[in-house]
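S.K.: coords please:
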Amino acid sequence: MKRGKNYQGVFEAIDAKKMYTPEEAIAFVKEHKMAKFDESVEVHMHLSINPKKSDEAVRATVILPHGTGRSLRVAVVTSTQEKEAKDAKADVVGGEDVIADIKEGKVNAGKDFDVLVATPEMMPKLALIAKILGPKGLMPSPKTETVTPKIAETVEALKKGKKASFKNDDSSNVHVSIGKLSFTAEQLAENYAVFVETVNKAKSETHKGKLIETISLCSTMGPSLKIKA
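M.R.: Just a heads-up that it's a prediction; the model follows:
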């Protein structure tokens, strides 16, 4: 795919032989803004896991001190805390009625909400729509703290963009946005450090050796810079 002149100019400014520090990479992407909109700053990691082994999977939630800069649309399925969910400004709230609406397509998973939070007693009932939620990565899980009795706290964190869930894909990669280019360099660096620490803590006990093999950082529209893992 042929890239535009702006992209090529930024790409040529990167030292391909250099392993950048996080601070250097953040300074670079902030200096070389590519788009008119406020681009996200993305971190992409390749992990030394076997993605076919479920006991090596990396899946967790990170609480970024300065947030992602993106407010998520949150759906809550509960039989006990509908008021708490509504007070916390959840976008979709209900119990078995919401499950039925998702099953019938009246509520569209991925379009009407970005994340689904459930209280523990509702998990057996969500089996009815597991085939809808699972492929879209929307099935609630204790590992991502989306199965929780702390509905108000969880919804508020998601709505403010503080909480981001991640898991490895089929190629052993993990991707997360750590903020926006409008954030200060210090805010992005703090978010980056917390994300790396969280990934390392999510390493399974069965996996041996170093978890993170490679790290790259980029803006939404810009080329990637390699960071020392």
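
S.K.: can we go C-alpha only for contacts and neighbour counts from here?
M.R.: Noted.

S.K.: Domain map for the chain?
M.R.: 14-68+163-227, 74-159 (automatic domain parsing).

S.K.: Could I get the full set of helices for the chain?
M.R.: Under the criterion DSSP state H, helices of the chain are mapped to 5-13, 22-31, 82-87, 96-104, 130-133, 151-159, 185-201.

S.K.: Now tabulate the domains of the chain in JSON lines and tack on distance to residue 5 and mean pLDDT.
M.R.: Formatted as JSON lines, these follow (distance: least, C-alpha to C-alpha, whole Å; pLDDT from 0 to 100):
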{"stretch": "domain 14-68+163-227", "distance to residue 5": "11", "mean pLDDT": "95"}
{"stretch": "domain 74-159", "distance to residue 5": "34", "mean pLDDT": "95"}
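
S.K.: Compare these and give me the one nearest residue 8.
M.R.: Using C-alpha to C-alpha as the measure, domain 14-68+163-227 is the one of the domains of the chain that comes nearest residue 8, at 9.0 Å.

S.K.: Give me the distance between the two termini of the closest one.
M.R.: The first and last residues of domain 14-68+163-227 sit 12 Å apart, counting by C-alpha to C-alpha, to the nearest Å.

S.K.: For stretch 158-175, C-alpha coordinates in PDB please.
M.R.: Once non-C-alpha atoms are left out, stretch 158-175 reads as follows in PDB (Å, rounded to 0.1, in the frame of the first residue of the first chain):
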ATOM      1  CA  LEU A 158     -15.100   2.600  32.300                       C
ATOM      2  CA  LYS A 159     -17.100   5.700  31.500                       C
ATOM      3  CA  LYS A 160     -14.200   7.900  32.400                       C
ATOM      4  CA  GLY A 161     -11.800   5.800  30.200                       C
ATOM      5  CA  LYS A 162      -9.600   4.900  33.200                       C
ATOM      6  CA  LYS A 163     -10.000   1.100  32.800                       C
ATOM      7  CA  ALA A 164      -8.900  -0.800  29.700                       C
ATOM      8  CA  SER A 165      -9.100  -4.600  29.200                       C
ATOM      9  CA  PHE A 166      -6.600  -6.500  27.000                       C
ATOM     10  CA  LYS A 167      -5.800 -10.100  26.000                       C
ATOM     11  CA  ASN A 168      -3.400 -11.700  23.600                       C
ATOM     12  CA  ASP A 169      -4.600 -12.400  20.100                       C
ATOM     13  CA  ASP A 170      -4.000 -15.500  17.900                       C
ATOM     14  CA  SER A 171      -0.500 -14.200  17.100                       C
ATOM     15  CA  SER A 172       0.600 -13.700  20.700                       C
ATOM     16  CA  ASN A 173       0.200  -9.900  20.400                       C
ATOM     17  CA  VAL A 174      -1.400  -7.400  22.800                       C
ATOM     18  CA  HIS A 175      -2.700  -4.000  21.900                       C
END
